[in-house]
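Student: My questions are about this predicted structure, shown below with the sequence.
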Amino acid sequence: MDLLIQTVVNGFIQSGFYALAAIGLVLVFGVMRVVNFAHGELVMIGAYTIWYAHAQNGVPYLFTVVLAILIVTAIGLLMERFLFRPMTDDPLGGLICSIGVLFILQVIATYVGGEGPSKQVPPPFEGTLIVFETVRIPYQRVFSIGVSIFALAVLWYFLTRTKLGWAVRAVSMDREAAALQGISTVRISMVAIGVGAAMAGLAGALMAPLTNINPHMGHNVIITAFIVTIVGGVGSLPGAVIASVLYALFHTFVTTYFSGTIATISGLLIMVLVLIVRPTGIMGHRVSE
């Protein structure tokens, strides 16, 4: 019973990382109709920033979290300006460009960190929170889930309570209609990829002390983001959050009682099943032409 409760708690904590990683993919696709295959590498760059600045050079952790967000956001904006914007009418071209960025970022990470074993970041927040004398939650994980929930709440407020957020939602629903209403789709595209990249950078910064860091860690991130995005409903932010919680619980349970490989394979099978049975996902909707 104790293992069951601990697994549920771990699953909910993991869902925060999944949501942050998936939100950026959903935003970029919803607004720009581009599948950003380099999104996992943006998370990786966020983690590498923490390793290089905090673990290697002693910069305070909270400062490096902000630094990771800024660096990854800058990379996202550069991608929008020089890659995605010229490919506005060619989604396949944008996808191919993102794959090129994927490899470039991996090479940069390898150059900075060197070859060899995965990097480790000592947890800045040591100690463990004990709940009901059976459930143990490291303070680093408590911090991470708290920041994740706060970031998602700020994003929800931005999208539902501000004019700029309404504009982002309008462009996501119908880009041409939004442009006819005077909304600058170029500006909104910059906002979408900037916010999405910031979320990716934050996810990487929060994951850094809790996982092994290497240039190829983005592969697992992008697989998870795709599963969450498709199960939740392509273009649906609430769906992505709900799917993040469900998939995190599922993945954590299967990993605990079987193995991580089986959990990933099972997740991919669920994604395929959703595409067959309900292509719109949990909260997606069909768009009439």
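Tutor: Perfect, thanks for sending it.

Student: mind checking how far Glu133 is from Asp2?
Tutor: Per Cβ to Cβ, to the nearest Å, Glu133 is found 9 Å from Asp2. (C-beta placed from N, C-alpha, C; glycine too.)

Student: cool, Asn36 as well?
Tutor: Noted for Asn36: a distance of 41 Å to Asp2, by Cβ to Cβ.

Student: Give me the more crowded residue out of these two.
Tutor: Neighbours per residue (other Cβ atoms under 10 Å) separate Asn36 from Asp2, with Asn36 holding more: 32 against 11.

Student: Which stretches in this protein count as helices?
Tutor: For the chain, the helices defined by DSSP state H occupy 2-32, 39-50, 61-79, 91-113, 139-161, 163-173, 175-180, 185-207, 218-232, 237-257, 260-277.

Student: Just say which of the ones you listed is most tucked in.
Tutor: Most buried of the helices of the chain by mean neighbour count (mean count of other Cβ atoms under 10 Å) is helix 39-50; its value is a mean of 29.

Student: in the chain, which segments are predicted with low confidence?
Tutor: For the chain, applying pLDDT under 70 flags the ranges 1, 284-289.

Student: let's go with 80 and repeat that
Tutor: Within the chain, the ranges that satisfy pLDDT under 80 run 1-3, 116, 132-134, 234-235, 283-289.

Student: Pick out the residue closest to the middle of it.
Tutor: For the chain, Ala21 is the residue whose C-alpha lies nearest the centre (Cα atoms, centre = their mean; 0.8 Å).

Student: so that residue sits right up against Ile223, yeah?
Tutor: No - contact criterion Cβ atoms under 8 Å: Ala21 and Ile223 do not qualify, at 10.3 Å.

Student: Mind listing the shared neighbours of these two?
Tutor: Common neighbours of Ala21 and Ile223 are listed as Gly40 (criterion: Cβ atoms under 8 Å, 6 or more residues apart in numbering).

Student: and Gln56, how many neighbours does it have?
Tutor: When counting by other Cβ under 10 Å, one arrives at 13 neighbours for Gln56.

Student: Now do it against Leu269, distance only.
Tutor: Using Cβ to Cβ, we find Gln56 at a distance of 40 Å from Leu269.

Student: And for Ala203?
Tutor: If you measure Ala203 against Leu269 using Cβ to Cβ, the figure is 25 Å.

Student: try Pro91
Tutor: Pro91 is 27 Å from Leu269, by Cβ to Cβ.

Student: Quick check, Phe226 in contact with Val272.
Tutor: No - in this structure Phe226 lies outside contact range of Val272 using Cβ under 8 Å: 11.3 Å.

Student: who touches the closest residue to Gly40 other than its chain neighbours in this structure?
Tutor: Nearest non-adjacent residue to Gly40, counting by Cβ to Cβ, 6 or more residues apart in numbering: Gly218, 3.0 Å away. Going by Cβ under 8 Å, 6+ apart, Gly218 touches Ala38, His39, Gly40, Glu41, Leu42, Val43, Met44, Leu102, Leu105, Gln106.
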